[in-house]
Each structure stands twice: as C-alpha cells, then as structure tokens.
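> Predicted structure and sequence below. I'll ask about it afterward.
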Amino acid sequence: MISAAGLSRAALRRQLRQARRSLSPLEQRLAAQRLYRLLAQHPLFRRARHIALYLPNDGEIDPRPLLRAAQRRGKATYLPVLDPWPRTRMIFQRVRPGERLRPNRYGIPEPVRAREAQRKVWTLDLLLMPLVGFDEAGGRLGMGGGFYDRSLAYRTRQKSWRKPTLLGLAHECQKVDRLPLASWDVALDATVTDRDWYRPETCSRHDPND
C-alpha cells in the first residue's frame with residue numbers, strides 16, 4: 001500500500017502510474033485473469049444487462065476478458081467515447097464483437113460515433129471504471145481529465161441515485177492508505193483488484209463468494 005502523506009495529487013498520480021506501468025506483460029495477463037475470476041461470476045456482473053467498460057491504457061488492469069464474457073452472455077456492452085465538442089464531455093456507446101474502433105485524441109480505441117447506439121450513463125446497470133489510485137473508503141484518483149467525474153456529477157447532487165453501480169478496477173499496487181479527494185470526486189461503490197474486493201468503510205467488507 002502506498003502512503004499519500006505529504007504528496008500532492010499530481011505527485012501521487014505520477015507514483016501510481018509508474019507502479020502499474022512497471023508490471024511485466026506476464027504480470028498484466030495474470031492480473032487480468034485473477035480480476036476475471038473475482039468478478040465474472042459475481043451477482044453484480046451476472047445480473048447486469050447494460051455494462052460499460054474501458055479498454056486498457058498506460059498500464060491499467062485489462063477488463064477485456066470481462067468484455068468478451070459479457071458479450072458471450074448476450075449483455076449490452078458500452079465503451080466511453082469522447083465528444084469532439086465540448087472536449088470535456090464523454091458519452092457511452094454500445095460496442096459489439098468485431099466492431100471497428102478508431103483511436104481518440106489520447107490514442108485509446110473507441111467506437112465510431114453513432115448517436116443511435118449511445119446510452120445515458122444513469123440508465124446503465126454497471127460501470128467498470130479505470131483509475132490511477134484507490135482507497136478502501138471508496139476514493140478514486142483518475143488521470144486528471146475529469147471525464148468520469150463530470151459524467152457522474154449527478155451522483156454528488158442526488159445522493160439517493162444509485163445507478164449505475166460504480167466499480168473501480170485496479171492492480172493491488174494502486175492501493176493508497178487514504179486519498180486526498182476534491183469536492184467533485186465521485187465515490188465508488190467498490191473497487192476490485194487482482195487480489196480482492198474493497199468497499200467503503202461505511203459498508204461491510206464484501207465476500208466475493210456470496
């Protein structure tokens with residue numbers, strides 16, 4: 001676990017990004033397999049009909065085995081797509097097996113924009129989110145662009161709104177003792193790593209076998 005004491009968000013982000021980038025290709029593959037085993041048979045994943053994921057970049061843990069599993073089971077799967085304008089906006093668009101993708105301005109593959117395939121984030125059942133760092137209290141540190149926080153800002157205004165379930169996905173090495181959070185940061189319902197499940201302190205620790 002990394003201590004955030006005395007570190008700015010920018011410094012902490014640099015340290016955590018380096019930690020995940022330092023993982024070897026074999027360690028990345030094994031981490032993706034362990035993540036799959038922890039999540040693929042969980043009720044949150046099995047019951048969800050509309051699931052948004054991401055494609056890995058910059059050492060992020062790889063959720064593509066979960067994407068393929070969801071598609072095999074007939075679930076609707078979605079990937080984030082950046083808006084050309086405003087450039088700070090992100091939407092979620094359905095992606096099907098074998099669909100053509102193209103790199104966005106950050107070089108991350110995304111579906112070719114098609115309005116009829118897009119879905120409002122609050123109508124999704126499950127959102128699997130990338131992150132740079134996390135803590136056991138539900139804190140999430142992202143890359144700094146704010147795309148997810150802006151998309152989910154309604155969750156901070158309406159505390160009772162529970163859709164979609166927000167699961168952060170991470171390597172265990174991205175765990176922080178306590179993240180310094182900003183007022184706009186949206187809390188996670190849980191974080192799943194290649195080793196364990198973590199829920200906020202106000203909830204009981206999750207047993208992945210229930």
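Done, it's in. The shown structure was predicted, so the numbers you read here are calculated from the model rather than taken from an experiment. Residues are numbered from 1 along each chain as shown.
> per-residue pLDDT, residue 93?
Listed pLDDT for residue 93 reads 97.
> Looks like it contacts residue 121 (just checking).
No - using CB atoms under 8 Å, residue 93 is not in contact with residue 121, being 11.3 Å away. C-beta: built from backbone N, CA, C; applies to glycine.
> Please report the number of neighbouring residues for residue 146.
The number of residues packed near residue 146 is 15, by other CB atoms under 10 Å.
> In contact with the residue lying closest to it once chain neighbours are set aside, which residues?
Once flanking residues are discounted, residue 146 sits nearest to residue 88: 6.8 Å by CB to CB, 6 or more residues apart in numbering. For residue 88, the contact set (CB atoms under 8 Å, 6 or more residues apart in numbering) comprises 145-147, 150.
> Nearest residue to residue 108 in space, please, no chain neighbours.
residue 57 is the one closest to residue 108 (CB to CB, 6+ apart), at 5.0 Å.
> Give me the phi and psi angles of residue 173.
phi -70, psi -10 (degrees, to the nearest 10).
> Same question for residue 26.
phi -70, psi -40.
> Tell me how far it lies from residue 133.
23 Å (CB to CB, to the nearest Å).
> between those two, who's got more neighbours?
For residue 26 versus residue 133, neighbours defined as other CB under 10 Å are more numerous around residue 133 (26 against 8).
> Let me see the contact set for the residue nearest to residue 108.
106-108, 130.
> which strands and helices sit next to the helix or strand of the chain with the lowest mean pLDDT?
Lowest mean confidence among the helices and strands of the chain (mean pLDDT, DSSP states H and E): helix 154-157, at a mean of 82. Contacts defined by 3 or more CB pairs under 8 Å, 6 or more residues apart in numbering; DSSP states H and E place helix 154-157 against no helix or strand at all.
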